[in-house]
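# no sequence on hand, only this structure:
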C-alpha cells in the first residue's frame, strides 16, 4: 500500500490529484468546524443513542455542533438515489443515460437541482429541531427571529450545496469517488470519539474492570477479523473462462487464446451500504424534526435504530440496492456482444442469448452473496447493540458508535481499497507495480 503511494507520488499527474484530494478534504473539515451565526460555538448536542446518530456519523461530528456542513453529503446521496431510480421509471432520463457524456451532464444537472431542494427542506426541519435545543442564542420571541431563521436555513442549504460541489470536484480532479472520499474522511474523524467512549465505558463504566478489559480486547479482535474479511471478500472474484477462436488476418494468425472474465463477489462495493444507510434514516430524521407527535412516537418505537424492524428494513434495502447498482453498472448483453465481435466464447455456452443468460445467472448469485456479506458485517453490530440497548439502555448509549461500527468499517475499508485500485489502474498504464499485484 505504501509502495503504491510512493510510486503514485513519483508521477506528476497523480501527485497533483493526490494533493488536490487532500486539500479538498482539509477544506471540508474546516467547513465542518465553522460555527453558524447566532449559535453558541462552545456547545454541542449529545446525539448518542438518538435517531440522528447515523447523520452524525456521516457528517463527521458537524451535526452535533450545528456547523456549516451539518447536513453533510446526505442530501446529495439521496438526490443521486432518486435520480438513478427515476432513470428506469422516466423514459426521458433513460434516454439521457444512453447518450453518453452529454446525457450524463444533463442527469448531473438534475441531480444538483434535486440536491438543493432536499437541502432546503432538510435545513428547515433542522432549524426547527434546533429550536428545541440550547444551541441558538435567540428564541422565537426575539425581535427579528424570522429573518435570523431565514439566514440560518440559507446557510445550511449553501453548506450542503458546497459539499456537493466539493464531491464533484474530487470526481473531476482528484482520486476516487467524491461522496465516498468525504464519508471516509468523516468516519475517520469520528473514530477517536468512538474509541474514547468505548475506553471510558470499559475502564470507568459500571461493569467490572476485568469484564471491561475483556470487552475491549474482544472488540479490537473482532474489528481486526472483520477488516481482514472485508479485504478478502472485496478482492475475491469469480472467473468465467473465455476461449478465443483462431483467425487469419493477412499472413498473421490471431486468437486461439484462453482467458477469463473476472466478476467480483462484491461488484457493488460499499454503495449499497451508503444508499441504504441514507434511505433508512429518512423517517427517524423527520421524526426528530417534529418531536412530541404521534408520528414521532411511532417511528421511535418501531423504526428507531434500536428496533428490529429498522434493522430488517436496512437489510432489505442493502440487498435491493446491491441488485439495483449491478443492474445499472453492468450490462451482460454488452459483454456478450463484445465477446462475439472479438471471436470469444464461453466453453460449452453458445454465443448470443445463452451467453447473456449464463452471465446473468452467475451475476445474480454473486450479487446475492455480496449483499448477504454486507448485511452480516453491517448488521451484526446493529443487532448486538439492539439487544444490549434492551438490557442496559444507559450502557448501550455510552458506546452507541458501535451500533454502526460495521457500516463504518465497510465504508472505510471499501473506499480505501477502491481508491488504491484506481491508483493501480492508472499506474498500470505506466508499467508500475504496487499494492494489488
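Cool, the structure landed. In this text, all values refer to a predicted model and were calculated from it rather than measured experimentally.
# helices or strands up against the helix of greatest length in the chain?
Longest helix in the chain, counting residues (DSSP state H): helix 353-391. Applying 3 or more CB pairs under 8 Å, 6 or more residues apart in numbering; DSSP states H and E, we find helix 353-391 packed against helix 209-235, strand 237-244, strand 258-264, helix 271-280, helix 308-329, helix 332-341, helix 393-398, helix 405-428. C-beta coordinates here come from the backbone N, C-alpha and C atoms, glycine included.
# contacts for stretch 336-346?
240-245, 247, 255, 259, 261, 351-352, 355-356, 358-359 (CB atoms under 8 Å, 6 or more residues apart in numbering).
# among the residues you listed, show me the least confident.
Ranked by pLDDT, the contacts of stretch 336-346 bottom out at residue 255 (57).
# give me the angle between the longest helix of the chain and helix 209-235.
Between helix 353-391 and helix 209-235, the angle comes out at 170 degrees (axes from the mean of the first three to the mean of the last three CA atoms, to 10 degrees).
# buried residues in helix 353-391?
355-356, 358-359, 363, 366-367, 369-371, 373-375, 377-379, 381-382, 384-386, 388-389 (16 or more other CB atoms under 10 Å).
# distance of residue 157 relative to residue 36?
Relative to residue 36, residue 157 is positioned 12 Å away (CB to CB, to the nearest Å).
# hmm, I typed the wrong one, I wanted residue 4.
Counting by CB to CB, the gap from residue 4 to residue 36 is 40 Å.
# excluding sequence neighbours, find me the nearest residue to residue 180.
In space, residue 180 comes closest to residue 415 once its chain neighbours are excluded; the distance is 4.5 Å by CB to CB, 6 or more residues apart in numbering.
# and for the one you found, the neighbour number?
Per other CB atoms under 10 Å, the neighbour tally for residue 415 reads 24.
# check contacts around it.
Residues near residue 415 by CB under 8 Å, 6+ apart: 176, 177, 180, 181, 183, 184, 270.
# cool, residue 227 as well?
Residues in contact with residue 227, defined by CB under 8 Å, 6+ apart, are 409, 413.
# for the remainder of this discussion, apply numbering that starts at 45.
Yep, numbering from 45; the last one is residue 271 now.
# residues in contact with residue 305?
Residues near residue 305 by CB under 8 Å, 6+ apart: 283, 284, 286, 379, 383, 390, 403.
# ok, residue 61 next?
Residues in contact with residue 61 (CB under 8 Å, 6+ apart) are 217, 218, 219.
# distance of it from residue 222?
12 Å.
# and if you look at residue 106?
Distance of residue 106 to residue 222, given as CB to CB: 17 Å.
# same thing with residue 99?
Distance of residue 99 to residue 222, given as CB to CB: 19 Å.
# more crowded one of those two?
Neighbours were counted for residue 99 and for residue 222 using other CB under 10 Å; residue 99 has more, 25 against 22.
# excluding chain neighbours, what is closest to residue 303?
residue 286 (5.0 Å).
# low pLDDT regions in the stretch 95-244 of the chain?
Low-confidence segments of the stretch 95-244 of the chain (pLDDT under 70): 95-97, 176-188.
# what ranges does it have for its helices?
Along the stretch 95-244 of the chain, counting by DSSP state H, counting those that start in this stretch, helices occupy 97-103, 106-109, 118-133, 135-141, 145-175, 189-217, 222-248.
# could the ones you listed go into TSV alongside distance to residue 455?
Listed next are these as TSV, based on distance: least, CB to CB, whole Å:
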stretch	distance to residue 455
helix 97-103	9
helix 106-109	17
helix 118-133	12
helix 135-141	26
helix 145-175	20
helix 189-217	15
helix 222-248	6
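# residue 276 is nearest to which of those?
Closest of the helices of the stretch 95-244 of the chain to residue 276 is helix 222-248, at 20.1 Å (criterion: CB to CB).
# what angle do that closest one and helix 449-472 make?
Angle, helix 222-248 to helix 449-472, by the same axes, to 10 degrees: 140 degrees.
# what's helix 222-248 packed up against?
For helix 222-248, the helices and strands in contact under the criterion 3+ CB pairs under 8 Å, 6+ apart are helix 56-75, helix 97-103, helix 118-133, helix 189-217, helix 253-279, helix 315-324, helix 437-442, helix 449-472.
# quick one: buried residues of that helix?
So, applying 16+ other CB under 10 Å, buried residues of helix 222-248: 222-234, 238, 241-242, 245-246.
# starting at the chain centroid, how far to it?
Its chain's C-alpha centre and that of helix 222-248 lie 16 Å apart, by CA atoms, centre = their mean, to the nearest Å.
# what's the angle from it to helix 118-133?
Here helix 222-248 runs at an angle of 130 degrees relative to helix 118-133 (the same axes, to 10 degrees).
# returning to what we had before: to residue 319, which of the helices of the stretch 95-244 of the chain lies closest?
That would be, of those and by CB to CB, helix 118-133, which comes in at 5.4 Å.
# ok, and what's touching the closest one?
Here helix 118-133 makes contact (CB under 8 Å, 6+ apart) with 99, 102-103, 137-138, 140-141, 151, 154-156, 158-159, 162-163, 166, 204, 207-208, 211, 223, 318-319, 322-323, 325-326, 368, 372.
# show me which positions of it end up buried.
118, 119, 120, 121, 122, 123, 124, 125, 126, 127, 128, 131.
# next, count neighbours for the closest residue to residue 412 other than its chain neighbours.
The shortest distance from residue 412 to any non-neighbouring residue, by CB to CB, 6+ apart, is to residue 363 (7.5 Å). The number of residues packed near residue 363 is 19, by other CB under 10 Å.
# pLDDT below threshold where in the stretch 345-481 of the chain?
436-445, 447, 473-481.
# if we go to 50?
Low-confidence segments of the stretch 345-481 of the chain, defined by pLDDT under 50: 476-481.
# so which residue is dead centre in this protein?
Nearest to the geometric centre of the chain sits residue 318, at 3.1 Å (CA atoms, centre = their mean).
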